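Trainee: 3D, please:
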Amino acid sequence: MQQYDEQESIRPGVSASNSAVAPRPHPLYPYLMKVFFALLSLSTLALAKDKDITLEECPAPVKATIAEYSKKFAFEKVELEGKSEPKVYGAKFLSPDGRRFEIIMSDDGKVQKTELKKSKTEEKQPEKEKGKGKDKAK
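Mentor: Numbers count the residues shown, from 1 in each chain. Presented below is the predicted three-dimensional model:
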């Protein structure tokens, strides 16, 4: 029967002198790290800020689309959306009934999406407090 010293490891094949060796990483670790960094880089692209630009800086097809919408709606501003390639432009308009919206278009002037935005009066008004106006009769 073999007896162990207090400093000798109980694990077979591992002595007390090399028990401080780091454990082996999981076999999927390299792949998980690649996925993690890929998602991290995508999230930074998604958080890219829009850049306000002038109408003169837009390509001719984008100017033509904005001019077409300006016949019916009041033009507010144009933005370069994020840092993507090909470039994507966003033009904000105000409808006659006071609603704001943005058209998202590619650099060839084709509208990709239309988004309804908050009106300027909605942005300035704070949200109503809950329970405001209720009677406190006991």
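Trainee: contacts and neighbour counts: CA atoms only from here.
Mentor: Will do.
Trainee: Am I right that residue 61 falls within a helix?
Mentor: Yes: under DSSP: H, G, I helix; E, B strand; the rest coil, residue 61 sits within a helix.
Trainee: How many residues are close by residue 86?
Mentor: When counting by other C-alpha atoms under 10 Å, one arrives at 9 neighbours for residue 86.
Trainee: So what's the residue count around the closest residue to residue 103 other than its chain neighbours?
Mentor: Nearest non-adjacent residue to residue 103, counting by C-alpha to C-alpha, 6 or more residues apart in numbering: residue 114, 4.5 Å away. Using other C-alpha under 10 Å, residue 114 has 14 neighbouring residues.
Trainee: same deal with residue 116?
Mentor: By other C-alpha under 10 Å, neighbour count at residue 116 equals 12.
Trainee: State the distance from it to residue 81.
Mentor: Per C-alpha to C-alpha, to the nearest Å, residue 116 is found 16 Å from residue 81.
Trainee: So residue 38, which state does it fall into?
Mentor: Applying three-state DSSP: residue 38 is helix.
Trainee: how about stretch 67-86: buried residues?
Mentor: 73, 75, 78-82 (16 or more other C-alpha atoms under 10 Å).
Trainee: Please apply the same query to stretch 28-36.
Mentor: Taking 16+ other C-alpha under 10 Å as the criterion, stretch 28-36 shows none as buried.
Trainee: Ok, stretch 91-99 next?
Mentor: Going by 16+ other C-alpha under 10 Å, stretch 91-99 has these buried residues: 91-94.
Trainee: Thanks a lot, see you next time.
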